[in-house]
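> prediction below, plus the sequence it came from.
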Amino acid sequence: MRSELVYSAGTRIPNRFLLSTVAIMAVRKLHVNSTRIEETANRVFTDLAGGTFTDVTMPQLKPQPLVDSVLVSVAA
């Protein structure tokens, strides 16, 4: 059952690392001690599949320096 929820949530957030980060952050914030964590995780994945928490965007990556320029600056 949870694999279906994860798959349907993955259609909204295709990056699996971002999906797991968003899911665990939501589970931590929404969990109530009187319920099981599994139920909270299922509810979060259902909400993710429905589009509730999908306003997440990937951060801009800084371009990495070229290897040649790093080697030249070290050798000089």
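Received, thanks.
> any idea how far residue 52 lies from residue 63?
Note on residue 52: its distance to residue 63, by C-beta to C-beta, to the nearest Å, is 34 Å. The way it works is simple: take the backbone N, C-alpha and C, and place the C-beta from them, glycine included.
> more neighbours: which of those two?
More crowded of residue 52 and residue 63, by other C-beta atoms under 10 Å: residue 52, with 13 against 6.
> element containing the closest residue in space to residue 16 that isn't next to it in sequence?
Leaving aside its chain neighbours, residue 16 sits nearest to residue 10 (6.7 Å; criterion: C-beta to C-beta, 6 or more residues apart in numbering). Using DSSP states H and E, residue 10 maps to helix 2-12.
> and that helix, which residues are buried?
5-6, 9, 12 (16 or more other C-beta atoms under 10 Å).
> of the residues you listed, closest to residue 36?
Residue 36 lies nearest to residue 5 out of the buried residues of helix 2-12, by C-beta to C-beta, at 15.0 Å.
> the closest one touches residue 46, doesn't it?
Yes. Here residue 5 reaches residue 46: they are 6.0 Å apart, a contact under C-beta atoms under 8 Å.
> kindly format the C-alpha coordinates of the helix holding residue 10 as CSV.
The C-alpha trace of helix 2-12 is given here as CSV (Å, rounded to 0.1, in the frame of the first residue of the first chain):
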residue,chain,number,x,y,z
ARG,A,2,2.7,2.5,0.9
SER,A,3,4.6,1.7,-2.3
GLU,A,4,1.6,2.9,-4.3
LEU,A,5,1.5,6.1,-2.2
VAL,A,6,5.2,6.7,-2.8
TYR,A,7,4.9,6.1,-6.5
SER,A,8,2.0,8.5,-6.8
ALA,A,9,3.8,11.1,-4.7
GLY,A,10,6.8,10.5,-7.0
THR,A,11,4.8,11.7,-10.0
ARG,A,12,4.5,15.1,-8.4
